[in-house]
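# what follows is a predicted protein model with its sequence.
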Amino acid sequence: MLLSYENISGMTFFIFLVCFASGGLLFSLLIVQPLSRIIRVISEQSKGKYETAAAAFMKNGKVKWYYFLYQEVMLNLVSLGSHLQKADLEQKEMEQAKNEWLAGVSHDLKTPLSYINGYSSLLLNQTLYFSEQEKATYLNEIYQKGSYIESLINDLNLSFFFDGAEKMQLRYSQIELVAFLQRTLVDAANDPRAEKFLFEYNTPLERRDVVLDERLMYRALYNLLMNAVEHNPEGTTIAINFEEIADGLVIQVSDNGIGMDTATYSRIFDKYFSSTKQKQGKGLGLFVVKQIVEALGGTLSVVSEVGKGTTFCIELKS
């Protein structure tokens with residue numbers, strides 16, 4: 001049977017339509033739909049919806065076959081979504097910690113101020129009589145509370161300096177480190193909060209001259225010592241160990257107290273972070289210590305074990 005021209009033309013047109021429709025379907029399936037999905041995923045991720053890229057994957061974790069041209073793009077979008085989600089969660093935790101920290105700082109300032117106002121008003125009351133010993137007690141309380149407020153404000157100032165765009169101007173001078181560490185330890189031991197703690201100083205060195213910013217180094221060491229006081233029970237031994245190594249100096253502040261759990265250990269240097277046991281100086285002390293040590297060109301590390309104590313180690317280049 002011979003095919004007429006009309007039959008051949010009709011068949012050709014039909015084949016053309018089938019090919020056109022198939023091509024259009026494949027174009028839509030392999031090009032348009034994946035691109036539409038990619039655009040939608042990017043849009044939704046910008047709005048905080050990070051799971052939408054998962055629709056391009058099968059249960060076994062492989063990309064669906066019609067996304068094979070954009071497999072790398074989809075994998076990158078999933079990774080981006082995961083990182084954005086993590087960053088968003090961390091930001092929310094940071095905001096919550098910041099709000100709690102502000103409430104803690106407000107409380108930390110109000111409490112000593114109430115003592116100062118109370119004792120001052122008693123001493124200024126002309127109708128009341130106090131013995132010299134009572135006056136000395138009240139004045140000592142005022143002095144101690146004022147010193148605490150000053151310490152907290154110093155930490156606040158330092159945290160703002162380290163947050164700022166401009167680097168802090170260091171004031172270097174030559175100091176004799178053996179005696180300096182001893183004086184710092186004595187200052188911490190004389191703090192009323194440390195009254196029932198034991199302090200030790202261990203070093204094989206008789207003298208070691210170094211060039212440091214004395215003010216900042218004192219703040220870092222004092223914060224470490226008082227951190228040990230704040231987080232441990234009375235009777236805990238707190239020690240400064242100082243030695244010289246091949247390429248520098250090592251200063252350790254250690255205690256035989258309660259130690260830290262993993263959750264606390266992983267966030268110990270985060271700004272605004274404070275453990276549930278912390279009563280004062282909410283979340284600035286160790287953050288400031290780390291910033292100071294790094295500004296001085298050193299490194300700060302910590303080793304801790306629950307029930308056995310904690311050791312902070314400052315390494316300085318000689």
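Cool, got the structure.

# Ile268: what's it in contact with?
260, 286, 302 (Cβ atoms under 8 Å, 6 or more residues apart in numbering). For every residue, glycine as well, the C-beta is placed using N, CA and C.

# one more: Asp247?
Here Asp247 is in contact with 317-318 (criterion: Cβ under 8 Å, 6+ apart).

# backbone phi and psi for it, please?
Torsion angles at Asp247 (phi, psi; degrees, to the nearest 10) stand at phi -120, psi 20.

# can you check Gln126 too?
Backbone torsions for Gln126, taken as degrees, to the nearest 10, come to phi -70, psi -20.

# just Gly309 next, same as before
Here is the backbone geometry of Gly309 (degrees, to the nearest 10): phi 110, psi -180.

# out of the contacts of Ile268, who's the most crowded?
Using other Cβ atoms under 10 Å as the neighbour definition, those reach their maximum at Leu286, which records 23 neighbours.

# that one and Met226 touch, don't they?
No - Leu286 is not in contact with Met226 according to Cβ atoms under 8 Å; the separation is 10.6 Å.

# sorry, back to before: pipe the contacts of Ile268 into a markdown table and attach secondary structure and distance to Ala188 per row.
Listed next are these as a markdown table, based on DSSP: H, G, I helix; E, B strand; the rest coil; distance: Cβ to Cβ, whole Å:
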| residue | secondary structure | distance to Ala188 |
| --- | --- | --- |
| Met260 | coil | 20 |
| Leu286 | helix | 15 |
| Val302 | strand | 18 |
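
# can you pull out the helices in the stretch 51-200 of the chain?
Remark: helices of the stretch 51-200 of the chain, listed N- to C-terminal, are 71-124, 132-163, 177-189; assignment by DSSP state H, counting those that start in this stretch.

# the shortest one packs against which elements?
The helices and strands touching helix 177-189, judged by 3 or more Cβ pairs under 8 Å, 6 or more residues apart in numbering; DSSP states H and E, are strand 198-202, strand 209-212, helix 214-230, strand 237-245.

# pLDDT of that helix, averaged?
Over the span of helix 177-189, the pLDDT mean works out to 93.

# again, but for the second one
Averaged across helix 132-163, pLDDT comes to 77.

# orientation of it relative to helix 214-230 in degrees?
Following axes from the mean of the first three to the mean of the last three Cα atoms, to 10 degrees, one obtains 110 degrees for the angle between helix 132-163 and helix 214-230.

# what angle sits between helix 132-163 and helix 71-124?
Here the directions of helix 132-163 and helix 71-124 differ by 160 degrees (the same axes, to 10 degrees).

# list the contacts of the residue lying closest to Leu225 once chain neighbours are set aside.
Leaving out its chain neighbours, the residue that sits closest to Leu225 by Cβ to Cβ, 6 or more residues apart in numbering is Ala188, at 3.9 Å. Applying Cβ under 8 Å, 6+ apart, one finds that Ala188 lies in contact with 194, 199, 222, 225-226, 229, 238.

# tell me the one of those nearest Ile175?
Distance to Ile175 across the contacts of Ala188 (Cβ to Cβ) is lowest for Tyr222, with 15.0 Å.

# on that earlier part again, return the most buried member of the helices and strands packed on helix 177-189.
Neighbour counts (mean count of other Cβ atoms under 10 Å) averaged over each of the helices and strands packed on helix 177-189 peak at helix 214-230, with a mean of 22.

# then it to CSV, C-alphas only?
What follows is helix 214-230, C-alpha atoms only, in CSV (Å, rounded to 0.1, in the frame of the first residue of the first chain):
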residue,chain,number,x,y,z
GLU,A,214,50.3,45.3,84.0
ARG,A,215,46.7,46.6,84.3
LEU,A,216,45.2,44.1,81.9
MET,A,217,47.3,41.2,83.2
TYR,A,218,46.1,41.9,86.7
ARG,A,219,42.5,42.0,85.5
ALA,A,220,42.8,38.7,83.7
LEU,A,221,44.5,36.9,86.7
TYR,A,222,42.1,38.4,89.2
ASN,A,223,39.1,37.3,87.2
LEU,A,224,40.4,33.8,87.0
LEU,A,225,41.0,33.6,90.7
MET,A,226,37.6,35.0,91.6
ASN,A,227,36.0,32.7,89.1
ALA,A,228,37.4,29.8,91.1
VAL,A,229,36.0,31.3,94.2
GLU,A,230,32.5,31.9,92.7
